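In: Here is the input, now give the coordinates:
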Amino acid sequence: AHIMKYFQLFRVIGLPNVITYDDGLKSTEVEKKRLVAVHVELTGYADTDDNDIQGYHERAKVFDLPERLFNAEKLGTSLPSNIRAKRDHVPVDLDIPVGESFKVAIKCASQPSNIRGAYEYEIIS
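Out: Residues are numbered from 1 along each chain as shown. Predicted coordinates:
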């Protein structure tokens, strides 16, 4: 059985010294959702290398990953680490209970960065 994939975009502008959350992907009575993966790209990296990309199912933290694990739009020509392909998505495979949501967030230290991407999901019965 072939299941169609849907994508809901997000853009999160990071702020210094706080966690900034997206509104999230919400499961409803009409559309029960299974989150397949979260696709992430950064506009750039903080020089301080202390910002993290996080994912939450309600209050439970599902992932907490350093931003440099992900692709960034601006590649520093002098950075050999950018030659390697980096992570562009995080597999989740979560059936989100009705009324609950999954949110991506960016936790910034003093130098903020921004993220954009999409929740990849399926509608389940």
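In: ok, which stretches of the chain are strands?
Out: 6-13, 19-21, 25-26, 32-42, 52-57, 60-66, 89-96, 101-107, 114-124 (DSSP state E).
In: contacting residues for residue 100?
Out: When contacts are counted by Cβ atoms under 8 Å, 6 or more residues apart in numbering, residue 100 touches 26-27, 57-58. The C-beta positions use only the backbone N, C-alpha and C, and glycine is treated the same way.
In: Okay, now the unreliable bits of the protein?
Out: For the chain, the stretches flagged by pLDDT under 70 are 74-85.
In: burial count for the residue nearest to residue 57 when sequence neighbours are not counted?
Out: Leaving aside its sequence neighbours, residue 57 sits nearest to residue 102 (Cβ to Cβ, 6 or more residues apart in numbering; 5.1 Å). By other Cβ atoms under 10 Å, the residues close to residue 102 number 23.
In: who's residue 102 bridged to?
Out: Residue 102 forms beta bridges with residue 25, residue 57, as assigned by DSSP bridges.
In: That one reaches residue 94, doesn't it?
Out: Yes - between residue 102 and residue 94 there is a contact under Cβ atoms under 8 Å: 6.5 Å.
In: Need the overlap of contacts for those two.
Out: 35, 57, 62.
In: What remains of these if I keep only buried residues?
Out: Neighbour counting by 16 or more other Cβ atoms under 10 Å classes 35, 57, 62 among the shared contacts of residue 102 and residue 94 as buried.
In: Please export the C-alpha coordinates of stretch 101-117 as PDB.
Out: C-alpha atoms of stretch 101-117 as PDB (Å, rounded to 0.1, in the frame of the first residue of the first chain):
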ATOM      1  CA  SER A 101       1.900  18.200  18.300                       C
ATOM      2  CA  PHE A 102       5.600  17.900  17.400                       C
ATOM      3  CA  LYS A 103       7.700  21.100  17.200                       C
ATOM      4  CA  VAL A 104      11.200  21.800  16.000                       C
ATOM      5  CA  ALA A 105      13.200  24.400  17.900                       C
ATOM      6  CA  ILE A 106      16.500  26.100  17.800                       C
ATOM      7  CA  LYS A 107      18.400  26.600  21.000                       C
ATOM      8  CA  CYS A 108      20.900  29.500  20.600                       C
ATOM      9  CA  ALA A 109      23.700  30.800  22.800                       C
ATOM     10  CA  SER A 110      25.000  34.300  22.300                       C
ATOM     11  CA  GLN A 111      25.200  34.100  18.500                       C
ATOM     12  CA  PRO A 112      21.800  33.100  17.000                       C
ATOM     13  CA  SER A 113      21.200  31.300  13.800                       C
ATOM     14  CA  ASN A 114      18.000  30.600  11.800                       C
ATOM     15  CA  ILE A 115      16.600  27.400  10.500                       C
ATOM     16  CA  ARG A 116      14.100  26.500   7.900                       C
ATOM     17  CA  GLY A 117      12.700  23.200   6.700                       C
END
